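J.: could you look at this predicted model? Sequence included:
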Amino acid sequence: MARTAAARPSAAASRHPDLLDAEQFAGRTGIGRRQTVTDLAAAGHIPGAALVSQQKWLFNFQVFWDWLAGPGVPHGEIVTPAELARRLGVDYRAVRRSRKDPETPGRGLPGRRVGGRIVLFAVPAVERELGWPPGSIAGDSPPPEHGPAVRDGSPADLDVVGAPAARPAQPGGRRSPAPAAQPGVRRRPAAR
């Protein structure tokens, strides 16, 4: 008697729950595109990735989570620096500058650079580093009012939680306005 398609277990049902295909992994990590995930895996930037056929990748999410959040951190949400900054009520650049690898001692927010430009943070690891209770940095709640205080959202305020202090702008630098013209001093026109 032949087996019907309904009687056969699907490949997804027979896999371990921590094994995800590229589409599932992209959705769970917030990377977004399946092609980006497979390109990063092919370049060796995603731990726990394995090429199982010519174009099929499987990702061990537990291995990736331990790499991203550090060992012993319970599973939770993965966010980008912009989303974490919004939830903490601070500037995006302050969050990005304060990133450190989870195993690195010292102050900073535990997160990882995946490939060249993608930076991800595990919310439970950030809460643990800040000393806040689990669930403090929820997506739908306002910034927390406890723990190390973040006052007005300026990058200097995040120094309380471990970011390097913002560097003051240098006179004539990219981030500061040009010095005012002094009487009797002529400035050369900018080259075009």
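T.: Arrived safely, thanks for sending.
J.: in what helix or strand does residue 68 lie?
T.: Using DSSP states H and E, residue 68 sits within helix 61-69.
J.: what residues does that helix touch?
T.: Residues outside helix 61-69 that contact it (Cβ atoms under 8 Å, 6 or more residues apart in numbering): 18-20, 25, 28-29, 46-48, 73, 75-76, 78, 102, 110-112, 120, 122, 124-125. Heads up, the C-betas are built off the backbone N, CA and C, glycines and all.
J.: now for residue 65, how many residues are close by?
T.: Residues lying near residue 65 (other Cβ atoms under 10 Å) number 24.
J.: okay, now the domains of the protein?
T.: Per automatic domain parsing, the domain ranges recorded for the chain read 15-69, 72-164.
J.: that older thread, residues of the helix holding residue 68 that come out buried?
T.: 61, 64, 65, 66, 67, 68, 69 (16 or more other Cβ atoms under 10 Å).
J.: nearest to residue 89 among those?
T.: residue 69 (22.1 Å; Cβ to Cβ).
J.: which parts of this protein are strands?
T.: 19-21, 49-51, 57-60, 78-79, 99-100, 109-114, 118-122 (DSSP state E).
J.: dump those into a markdown table; add distance to residue 87 as well.
T.: Output for these, formatted as a markdown table (distance: least, Cβ to Cβ, whole Å):
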| stretch | distance to residue 87 |
| --- | --- |
| strand 19-21 | 25 |
| strand 49-51 | 28 |
| strand 57-60 | 26 |
| strand 78-79 | 7 |
| strand 99-100 | 15 |
| strand 109-114 | 12 |
| strand 118-122 | 10 |
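J.: right, and these - which one's nearest residue 36?
T.: Closest approach to residue 36 among the strands of the chain (Cβ to Cβ): strand 118-122, 7.9 Å.
J.: closest one to residue 97 out of the buried residues of helix 61-69, please.
T.: residue 68 (18.6 Å).
J.: state the distance from the closest one to residue 54.
T.: Remark: distance between residue 68 and residue 54 (Cβ to Cβ, to the nearest Å) = 28 Å.
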